[in-house]
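# predicted structure and sequence below. I'll ask about it afterward.
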Amino acid sequence: MIITNDIKYVGVNDREIDLFEGQYIVPNGMAYNSYVILDEKIAVMDSVDANFKDEWLTNIASVLDGRKPDYLIVQHMEPDHSANVAAFAEVYPEAVIVASEKAFVMMQKYFETDFSNRRMVVKDGDTLSLGKHELTFVTASMVHWPEVIMTYDAADKVLFSADGFGKFGAWDADEDWACEARRYYFGIVGKYGQSVQTVLKKAAGLDIAIICPLHGPVLNENLGYYLGLYNTWSSYGVESEGVCICYTSVYGNTKKAVELLAEELKNAGCPKVAVNDLARCDMAEAVEDAFRYGKLVLATTTYNGELFPFMHTFVHCLTERGYRNRTIGIIENGTWTPVAAKNIKQAFEKSKDITFAEPVVTVHAAVKAENKEQIKALAAYLTKAE
C-alpha cells in the first residue's frame with residue numbers, strides 16, 4: 001500500500017484476535033501498522049505483533065526490493081508494536097535502532113539487550129536526515145506509555161503518531177472511525193488526557209497533511225475533524241448532547257426504573273438517551289458513552305452492602321480514567337438498606353467538577369408512585385436549560 005511516493009505501508013491485519021490487550025472485544029480484528037520511508041537512507045517505522053513476524057518481514061523485503069534498511073525507528077514499546085525488534089535486528093544486522101532512552105531500557109527487559117552497539121537515542125526536537133526526508137522526533141510521554149515518541153516527516157508532511165489517533169478494527173474494517181476510535185481512546189489512553197493535550201499543542205506547530213497511526217487507517221483528509229475530537233476527548237469535554245444511563249438490575253425492578261427515566265427523558269426532548277445494561281453490554285462501550293455525553297445516570301442495587309459488582313467495576317473504570325466535568329444522576333435500589341447512592345458519591349469524591357443531580361431516586365424493592373414522581377423530577381433536572 002502506498003502512503004506517498006516514498007512512504008509504503010508494511011503492516012498487517014489481525015483477523016484472529018478476540019480480545020485486544022486481553023480485555024477489549026474486537027469483532028473486526030486489529031491492524032498493526034508499520035511503514036517504510038524510502039530515501040537515500042531507509043527507515044522502517046515500528047514493528048508488529050509477534051504472531052506476524054514472517055508476514056511483516058516479507059512485506060518489508062518486498063518494498064525494499066533488494067535494498068537494506070538503515071534504521072528501525074521504535075516509537076512505542078508495547079509488544080503489539082515492538083515484538084519483532086530483535087528479529088529485525090537479526091535479519092538486518094547493520095541497521096541502527098532509533099528510540100527514546102526509556103525505550104532502550106524496556107528493550108533490555110524484553111530482549112535482554114539494549115542494542116548498545118547499534119543504537120541511536122533521540123529526544124524531543126532531535127532530527128534524523130534520510131536525504132530529502134528530514135525526520136523530527138516529538139516526545140509523547142504517557143500517550144500512553146512513558147517511552148513514546150512520535151515522528152514528523154517534513155518532506156511529505158506526515159506525522160507518525162504512535163498509538164495516537166488509533167482505533168480498534170483491521171485496516172479494511174468497514175465501520176465508522178469515530179465509534180471505534182472513541183472506544184479505543186477512552187479504554188486505553190483516556191487516563192492521560194493532559195499528556196495528549198501537551199502533544200496536541202506540539203502538533204499545532206507542525207504542517208500536517210497525513211497522520212499515520214499504529215492502529216487503524218491512515219488519515220489524510222479532514223484532519224481538523226480528528227484533531228478536534230482528540231482535543232475534546234483529552235480535555236474531558238462534552239462531545240454530544242444527551243444522557244447516558246448505565247444500570248444493573250437483579251430482578252428487573254431497577255431496570256423498570258431505568259425504562260421509565262428513559263421515556264421521561266425522551267418526552268422532555270433529550271436529543272439522545274444511551275442505555276447500557278452493564279451485566280450484558282460491552283463495558284468499554286458503556287465507558288465510551290459515559291465520556292461522550294455530558295450527563296450520566298447510574299442505576300443500581302445495593303449488593304452485600306456495596307455496589308452491584310458490574311456497577312462497582314464500571315465506576316472504577318470511570319474514576320481510574322479521570323472522569324470529570326459531568327453531571328451524575330443516581331437511582332438506587334435496596335429491599336432493606338439502600339446504600340448505593342452513598343457508595344457512588346464516595347467513589348467520585350476525588351473526581352473533578354462532578355455535579356450530582358437531584359433528586360436521588362431511592363427504590364425500596366419495587367417502583368412505586370413516589371418513585372415515578374422522583375423519576376419525573378430527575379428527568380426534568382437533566383433536561384433543564386443550562
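Perfect, I can see it now.

# is it true that Gly166 touches Cys212?
No: using CB atoms under 8 Å, Gly166 is not in contact with Cys212; the gap is 10.4 Å. C-beta here means a position set from N, CA and C on the backbone, and glycine is covered the same way.

# more neighbours: which of the two?
Cys212 (28 against 22; other CB atoms under 10 Å).

# quick one: find the helix or strand in the protein with the lowest mean pLDDT.
Here the helix or strand of the chain ranked lowest by mean pLDDT, DSSP states H and E is strand 306-307, holding a mean of 94.

# just give the strands next to that strand in its sheet, each with its orientation.
Here strand 306-307 is paired, per DSSP bridges, with strand 293-303 (antiparallel).

# report the buried residues of the strand it pairs with.
293-303 (16 or more other CB atoms under 10 Å).

# now that strand: mean pLDDT?
Averaged across strand 293-303, pLDDT comes to 97.

# pull the CA atoms of it into PDB?
Taking Å, rounded to 0.1, in the frame of the first residue of the first chain, the C-alpha atoms of strand 293-303 are listed here in PDB:
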ATOM      1  CA  TYR A 293     -22.200  12.700  26.800                       C
ATOM      2  CA  GLY A 294     -22.300  15.400  29.500                       C
ATOM      3  CA  LYS A 295     -24.800  13.700  31.700                       C
ATOM      4  CA  LEU A 296     -24.700  10.200  33.300                       C
ATOM      5  CA  VAL A 297     -27.200   8.300  35.300                       C
ATOM      6  CA  LEU A 298     -26.100   5.300  37.400                       C
ATOM      7  CA  ALA A 299     -28.900   3.000  38.500                       C
ATOM      8  CA  THR A 300     -28.000   0.000  40.600                       C
ATOM      9  CA  THR A 301     -28.900  -2.200  43.500                       C
ATOM     10  CA  THR A 302     -27.200  -2.400  46.900                       C
ATOM     11  CA  TYR A 303     -25.300  -5.800  47.000                       C
END
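
# quick one: it to chain centroid distance?
22 Å (CA atoms, centre = their mean, to the nearest Å).

# mind jotting down where the helices sit in the chain?
53-64, 79-82, 85-91, 101-111, 177-184, 193-203, 223-234, 253-267, 283-292, 309-320, 340-347, 369-383 (DSSP state H).

# in JSON lines, list those helices along with distance to Lys132 and mean neighbour count.
Formatted as JSON lines, the helices of the chain follow (distance: least, CB to CB, whole Å; neighbours: other CB atoms under 10 Å):
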{"stretch": "helix 53-64", "distance to Lys132": "18", "mean neighbour count": "17"}
{"stretch": "helix 79-82", "distance to Lys132": "26", "mean neighbour count": "22"}
{"stretch": "helix 85-91", "distance to Lys132": "24", "mean neighbour count": "18"}
{"stretch": "helix 101-111", "distance to Lys132": "27", "mean neighbour count": "16"}
{"stretch": "helix 177-184", "distance to Lys132": "31", "mean neighbour count": "21"}
{"stretch": "helix 193-203", "distance to Lys132": "22", "mean neighbour count": "17"}
{"stretch": "helix 223-234", "distance to Lys132": "23", "mean neighbour count": "16"}
{"stretch": "helix 253-267", "distance to Lys132": "57", "mean neighbour count": "20"}
{"stretch": "helix 283-292", "distance to Lys132": "41", "mean neighbour count": "23"}
{"stretch": "helix 309-320", "distance to Lys132": "45", "mean neighbour count": "18"}
{"stretch": "helix 340-347", "distance to Lys132": "55", "mean neighbour count": "18"}
{"stretch": "helix 369-383", "distance to Lys132": "57", "mean neighbour count": "17"}
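
# domain map for this structure?
7-234, 243-383 (automatic domain parsing).

# what about those, which gets the closest to Met1?
domain 7-234 (3.7 Å; CB to CB).

# how long is the closest one end to end?
29 Å (CA to CA, to the nearest Å).

# ditto for stretch 234-247
End-to-end distance (CA to CA), stretch 234-247: 26 Å.

# equivalent analysis for stretch 81-96, please.
17 Å.

# adding distance to Asp6, write the helices of the chain out as JSON lines.
Formatted as JSON lines, these follow (distance: least, CB to CB, whole Å):
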{"stretch": "helix 53-64", "distance to Asp6": "11"}
{"stretch": "helix 79-82", "distance to Asp6": "22"}
{"stretch": "helix 85-91", "distance to Asp6": "20"}
{"stretch": "helix 101-111", "distance to Asp6": "25"}
{"stretch": "helix 177-184", "distance to Asp6": "25"}
{"stretch": "helix 193-203", "distance to Asp6": "22"}
{"stretch": "helix 223-234", "distance to Asp6": "20"}
{"stretch": "helix 253-267", "distance to Asp6": "53"}
{"stretch": "helix 283-292", "distance to Asp6": "36"}
{"stretch": "helix 309-320", "distance to Asp6": "42"}
{"stretch": "helix 340-347", "distance to Asp6": "51"}
{"stretch": "helix 369-383", "distance to Asp6": "53"}
